[in-house]
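Peer 1: Return atomic coordinates for the entry below.
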Amino acid sequence: NATTQANPKYLLFQLSNANPEIPVRNPAGISTKAQIEKAVDEIVAAIGERGDHVNQQLGFTTGPLMFDLTDEQMRILIADSFAVAEEKNVAVAFHIDDSMFWNARKDLWSNKNNVEWSDWQGTIVPHRIIGWVADGKPVLAPPMCYNSPAIKTEAARIARDVIGPAIKRGLDHLNTIGKPYLFAGVMAGWETRIQDEMANGSHVYYAYCALHNLGYS
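Peer 2: All right, here's what the predicted structure looks like:
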């Protein structure tokens, strides 16, 4: 029927309903279902309509799903977001942070082979600097080395065993009730980049660890 074959254009509003671990603030956490409901109610009230589910569909995006969260926190956040989408008759999408927020994963970033270097001698870049996080203070974990074997293994595990199955459960349920249009998709990447920074008047370039892993020297 028309609803099951719907392919609407989505108007999505990003909700930051997961908090990263930032030492000067709070440990990582997720919003409660009631908090998600409140935020979605405000979106619906501001827009004034949800769309027709066939051509246009209002929705929200949950995120960031990140290394800072535990497996169980991600599962709960995904399930609660699907539940709110169904209850409020709006779509939900999921936004994955693949590298910015992983301060809680000292087991990974304490290994110099998993973080970026600023030269061929393996000098570690101690903090990733994000201008809007704590006013650019050096509080985040080091920049991640994207092609580190351990990083790739853990990213694959989270995707395969945590995020993927949780989203599939939610989508399967929407299919059983004839509302697959309430799932708007998944976005991967949260300002993902290999950046360079100014330090003492000169640039500090990243990516030596990644290049080393590719066989360069």
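
Peer 1: got the contact list for I194?
Peer 2: The neighbours of I194, taking Cβ atoms under 8 Å, 6 or more residues apart in numbering as the test, are 116, 143, 146, 206-207, 210. Where C-beta positions appear, they are placed from N, C-alpha and C, glycine not excepted.

Peer 1: Heading C-terminal from the lowest-mean-pLDDT helix or strand in the chain, find the next helix or strand.
Peer 2: For the chain, using mean pLDDT, DSSP states H and E, the weakest element among its helices and strands is strand 196-199, scoring a mean of 69. Using DSSP states H and E, the next helix or strand after strand 196-199 towards the C-terminus is strand 202-205.

Peer 1: From the contact counts, what lies against that following strand?
Peer 2: Applying 3 or more Cβ pairs under 8 Å, 6 or more residues apart in numbering; DSSP states H and E, one finds that strand 202-205 contacts strand 196-199.

Peer 1: How far does the lengthiest helix in the chain sit from its chain's centre?
Peer 2: Taking DSSP state H as the assignment, the helix of the chain that covers the most residues is helix 71-88. Distance, stretch centre to chain centre, for helix 71-88: 14 Å (Cα atoms, centre = their mean, to the nearest Å).

Peer 1: got it, and stretch 15-33?
Peer 2: Here the centre of mass of C-alpha atoms in stretch 15-33, compared against the chain's by Cα atoms, centre = their mean, lies 12 Å away.

Peer 1: again with stretch 106-116
Peer 2: 20 Å.

Peer 1: Stretch 106-125 too?
Peer 2: 22 Å.

Peer 1: which outside residues touch that stretch?
Peer 2: Taking Cβ under 8 Å, 6+ apart as the criterion, the residues outside stretch 106-125 that touch it are 67, 102-103, 141-145, 148, 150-151, 154, 194, 204-210, 212, 217.

Peer 1: end to end, how far does that stretch reach?
Peer 2: One end of stretch 106-125 sits 15 Å from the other (Cα to Cα, to the nearest Å).

Peer 1: With stretch 88-101 instead?
Peer 2: With Cα to Cα as the measure, the ends of stretch 88-101 fall 30 Å from one another.

Peer 1: quick one: secondary structure of W120?
Peer 2: Secondary structure, DSSP: H, G, I helix; E, B strand; the rest coil: W120 is coil.

Peer 1: For the chain, which segments count as helices?
Peer 2: Going by DSSP H, the chain shows helices at 33-47, 71-88, 106-109, 149-157, 164-176, 208-213.

Peer 1: Could I get those in CSV, plus columns for distance to M187 and mean pLDDT?
Peer 2: Converted to CSV, these look like this (distance: least, Cβ to Cβ, whole Å; pLDDT from 0 to 100):
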stretch, distance to M187, mean pLDDT
helix 33-47, 18, 98
helix 71-88, 14, 98
helix 106-109, 23, 97
helix 149-157, 15, 98
helix 164-176, 12, 98
helix 208-213, 23, 97
